[in-house]
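# For reference, the sequence and a predicted model appear below.
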Protein chains: 2
Amino acid sequence: MSKHLTKRSEDYSKWYNELVVKADLAENSAVRGCMVIKPYGFAIWEKIQAELDRMFKETGHQNAYFPLFVPKSLFEAEEKNAEGFAKECAVVTHYRLQNDPENEGKLRVDPTAKLEEELVVRPTSEAIIWNTYRGWIQSHRDLPLLINQWANVVRWEMRTRLFLRTAEFLWQEGHTAHATKEEAVAEAKQMQEVYATFAEQFMAMPVVRGAKSESERFAGADDTYTIEALMQDGKALQAGTSHFLGQNFAKAFDVKYTSKEGKQEFVWATSWGVSTRLIGGLIMTHSDDAGLVLPPKLAPIQVVIVPIYKGEEQLNAISDRLSPIIQDLKSRGVSVKFDDRDTMRPGAKFAEYELKGVPVRVALGNRDLENGTVEVARRDTFEKETVSQADVVTYIIDLLNKIQENLYSKALSYRDNHVTEVNSFEEFKEVIENKGGFVSAHWDGTEETEEKIKELTKATIRCIPNDAIEEEGICVLTGAKSSKRVLFAKAY
Amino acid sequence: MSKHLTKRSEDYSKWYNELVVKADLAENSAVRGCMVIKPYGFAIWEKIQAELDRMFKETGHQNAYFPLFVPKSLFEAEEKNAEGFAKECAVVTHYRLQNDPENEGKLRVDPTAKLEEELVVRPTSEAIIWNTYRGWIQSHRDLPLLINQWANVVRWEMRTRLFLRTAEFLWQEGHTAHATKEEAVAEAKQMQEVYATFAEQFMAMPVVRGAKSESERFAGADDTYTIEALMQDGKALQAGTSHFLGQNFAKAFDVKYTSKEGKQEFVWATSWGVSTRLIGGLIMTHSDDAGLVLPPKLAPIQVVIVPIYKGEEQLNAISDRLSPIIQDLKSRGVSVKFDDRDTMRPGAKFAEYELKGVPVRVALGNRDLENGTVEVARRDTFEKETVSQADVVTYIIDLLNKIQENLYSKALSYRDNHVTEVNSFEEFKEVIENKGGFVSAHWDGTEETEEKIKELTKATIRCIPNDAIEEEGICVLTGAKSSKRVLFAKAY
């Protein structure tokens, strides 16, 4: 495959597809719409998982595991949820293969091994989990029940893109049960904030915290809280959602508890999830025409060290000098790769690590050996600095923090420059078509208007921001009264 | 549910099933043969995962993720493997549900949404992975390729038991590719040793390292290396297997590399896996009639502290005294739970933590407060000791090590007492029927004899031990010559 990467300005979508493959993150598989996550991409997911898992546990959640399959009758118990996912369900109907008498040596589905009841491959697990919770919840003492699951789910999407929309994807799904509405709402909002904190502090990806309009809510939710990020091409990405499910699932699955007062009450629920889609967001927030740019906190390799040498003797001298530096970095928790392969020239290595987004590159050649220096290059700005070997460890640790901060502030300033207040539909269309980004506009609150705007501009309501201020205004489309601006954008 | 646990001597199988549910490890789900792993059981799995993952990475492996589904045509490419798993495959045939016109409000599988090619839900991933490796391997520089995946797999088993045999289970599967046969064999043996080390040092479960007889090998393997443990009821448990796959998958999927000499060669392969079945082995190695017994290295809670108090004032005094002890333990990496619930009496708490296998229990009452002592009880021997508060932290850390060692040596001595050398078929039957455990016997090396012995006694060849010595002998069944003893047992 050519090393050349399409420029973002030429074709953003092509750039993305090429980058994901060339940087060894993921590739399409032999199964329609399902991806293979390659080791380098999976290492990013492991970092994401580790941090989120820590944050979930710090907020009192425990992990568990529920079945991959949902019997059809359970799946359809909560009608709105079933309706919302029915059209994209992979369904298991049989449980055995046999030799095909008409096609020697080949296997076919054994028609006698038909399941009595078809099994839906989970597109989300509310149904199977709430059916289980009925047995786990009897008393107010069993509440709150705070559970998370790391799992694969399947949604048979027609148009797929690596990480952003795949038929099978990896995610976590939290499912909690509470005695009161207030507690459940507070939980859903807390998890929205956990997601936002993670996105901003680890992914260096600024997000808008808001609520979804009714038509954009999760099927079966009373409210959906979202975090919305902005990609470099001006399109929004829904990066995580947290749902207040009311008593919908408790009623569908008859999950009640005995209150302190001895009354039987339905339980209140939340669910919340983020997925491997985050990796797509990470790529499209920071990367450039030279390849991936990774924030140090999620980079599988934070520092790569490339010796520049001729012959084994020079390599040994360089390795000896570097060895205590590498040890020191590792002991401070920095992940370092020392690349002394003799099958590749330094320039080619530099290009490879640029493509793979390693935040800091250190090079050391013969002259550095004499001068007691190293060359330190940062991936985000391409700046290079000559640093004394004595200071390089603290220099790098400081630099990793600076890169993390720089990526965030660059993304934030891009995002802030792409939130445009508009007061007419002409302006609205003009911004959506030409500038992109979020459009902050008054909306009359009806689904009809939302639908009409989508038809006319392809922009959807990304969210009603949590920090939206009360403000008299009129809907950009209908002129009807409105008291708040909402954010529209074209979205992934 | 009754707190009473069936005694092991009454009905071992019933004891096991009750314990798994009562100790909150897992339960059956609404899906035939699929289990729900509850938070306490899943926390054990997380500990197992963390240690194994560390060991895999230390031996140079990286994680990746491959699709859940395998197109039928790929699945059948390696014939022996396909044959071996065909009868237990869940198959996806359709991808959409729709409203059923004959049954209002209900959903049915949309007959128009039939897949062109059926998808097998992976029972193991060799097929999809080797189909992917064809694109990843061109040159000897791409080798060895050392990859692991943590995933769920599905085998439609007819008789299932929680953890031991479930239709869906969680596991890891390593899949490696090598330039030479020697390297691949060495890799497969290395992973057998990794599994054995983990079983013995973390699970405190002694295992026999050996090779499978041909009929017991993994479908598609040239050799299967196994670790075999012995349960308290005298039945063996295959706890982990590592396969040398020869060039079978490379040939089936046309995976070749260019050697240093410029020749095109087929690649050599291994695969290896352990699963949630390990939790079943853990339970049946150590637990007793009072409940679960967990080795400290895998216990989600290592120490539980129960204050014995009347009223808030006493509780506060006790909490104040315990707080620095708890902090100290935590800072040394000990997982501690302080259970000050006022809804349950101390005796009931003691019983609960016995049932859940918490290795060390600390109790502190009013008299301890006066005397500067605590009561420390160990789960494995039920011994109690009064320890001064000043010494309790080091006492506990020492005790956790002692418990880990004691569990291993107890299990080892049980196992060693249940390896019986026999020299006639009468003896063989007598030991298998009455004493149980492993029977070490000469076998003529034929599949017919193996099959006949299984028919007559239900015992199978668990392995040909790695350390079996060359010894002249005659087959216990046929009297034919044999040069090595092999281990037989009834097995899970």
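In hand now; what should we look at? Just so we're clear, the structure is a prediction, and the values are computed from it rather than from any experiment.

# Which of the helices or strands spans A:Thr285?
Assigned by DSSP states H and E, A:Thr285 falls within helix A:277-286.

# So which elements touch the next helix or strand after that helix?
Per DSSP H and E, the first helix or strand lying C-terminal to helix A:277-286 is strand A:303-307. Packing partners of strand A:303-307 (3 or more CB pairs under 8 Å, 6 or more residues apart in numbering or on different chains; DSSP states H and E): helix A:311-331, strand A:336-338, helix A:346-355, strand A:360-364. C-beta here means a position set from N, CA and C on the backbone, and glycine is covered the same way.

# Paired strands for strand A:303-307, with orientation please.
Sheet pairing here is set by DSSP bridges, and for strand A:303-307 it gives strand A:336-338 (parallel), strand A:360-364 (parallel).

# Burial-wise, tell me which of these comes out on top.
strand A:360-364 (a mean of 22; mean count of other CB atoms under 10 Å in any protein chain shown).

# could you dump the helix or strand following that one to CSV, C-alpha only?
Downstream of strand A:360-364, the next assigned helix or strand under DSSP H and E is helix A:366-371. C-alpha atoms of helix A:366-371 as CSV (Å, rounded to 0.1, in the frame of the first residue of the first chain):
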residue,chain,number,x,y,z
ASN,A,366,27.1,10.5,16.8
ARG,A,367,27.4,14.2,17.3
ASP,A,368,24.8,14.1,20.1
LEU,A,369,27.0,11.5,21.7
GLU,A,370,29.9,13.9,21.7
ASN,A,371,27.9,16.9,22.8
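
# What residues of stretch A:12-25 count as buried?
For stretch A:12-25, burial by neighbour count (16 or more other CB atoms under 10 Å in any protein chain shown) applies to A:12, A:15-16, A:18-20, A:22-25.

# Stretch A:407-417 too?
Neighbour count says stretch A:407-417 has A:407-408, A:410-411, A:414-415 buried, by 16+ other CB under 10 Å.

# Among the residues you listed, which are located in helices?
A:407-408, A:410-411, A:414-415 (DSSP state H).

# nearest residue to A:Gly291 other than its sequence neighbours?
A:Leu355 (3.5 Å; CB to CB, 6 or more residues apart in numbering or on different chains).

# quick one, what contacts the most centrally placed residue in chain A?
Against the mean C-alpha coordinate of chain A, by CA atoms, centre = their mean, the closest residue is A:Leu278 at 1.6 Å. Residues near A:Leu278 by CB atoms under 8 Å, 6 or more residues apart in numbering or on different chains: A:48, A:199, A:203, A:239-240.

# all strands of the stretch 1-150 of chain A, in order?
Assigned by DSSP state E, counting those that start in this stretch, the strands in the stretch 1-150 of chain A fall at A:26-28, A:35-37, A:62-63, A:69-71, A:91-94, A:97-99, A:107-109, A:114-121, A:145-154.

# so where's chain A uncertain?
Low-confidence segments of chain A (pLDDT under 70): A:1-3.

# can you give me the helices for it?
Going by DSSP H, chain A shows helices at A:12-22, A:39-58, A:72-75, A:79-85, A:126-136, A:181-201, A:248-252, A:277-286, A:311-331, A:346-355, A:366-371, A:392-416, A:425-430, A:447-457.

# returning to what we had before: closest to chain B out of the contacts of A:Leu278?
The closest of those to chain B turns out to be A:Ile48 (CB to the nearest CB; 13.0 Å).

# was I right about the closest one contacting A:Ala299?
No - taking contacts as CB atoms under 8 Å, A:Ile48 lies outside contact range of A:Ala299: 11.6 Å.

# so which of the buried residues of stretch A:407-417 comes closest to chain B?
Proximity of the buried residues of stretch A:407-417 to chain B (CB to the nearest CB) peaks at A:Leu407, which lies at 25.3 Å.

# residues in contact with the residue lying closest to the closest one once chain neighbours are set aside?
Counting by CB to CB, 6+ apart, A:Ala204 is the residue found nearest to A:Leu407 once chain neighbours are left out, at 4.0 Å. For A:Ala204, the contact set (CB under 8 Å, 6+ apart) comprises A:285-286, A:295, A:297, A:404, A:407-408, A:411.

# now A:Ala204: how far from A:Phe438?
A:Ala204 is 19 Å from A:Phe438, where distance means CB to CB, to the nearest Å.

# on that earlier part again, any chance of CSV for the helices and strands packed on strand A:303-307, columns distance to B:His94?
CSV is the format used below for these (distance: least, CB to CB, whole Å):
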stretch, distance to B:His94
helix A:311-331, 51
strand A:336-338, 46
helix A:346-355, 41
strand A:360-364, 50
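
# Give me whichever of those is most buried.
On a mean-neighbour basis (criterion: mean count of other CB under 10 Å), the most buried of these is strand A:360-364, at a mean of 22.

# Nearest spatial neighbour of the residue of the stretch 251-400 of chain A found nearest chain B, chain-adjacent residues omitted?
Residue nearest to chain B within the stretch 251-400 of chain A: A:Thr343 (6.5 Å; CB to the nearest CB). Nearest non-adjacent residue to A:Thr343, counting by CB to CB, 6+ apart: B:Arg141, 6.5 Å away.
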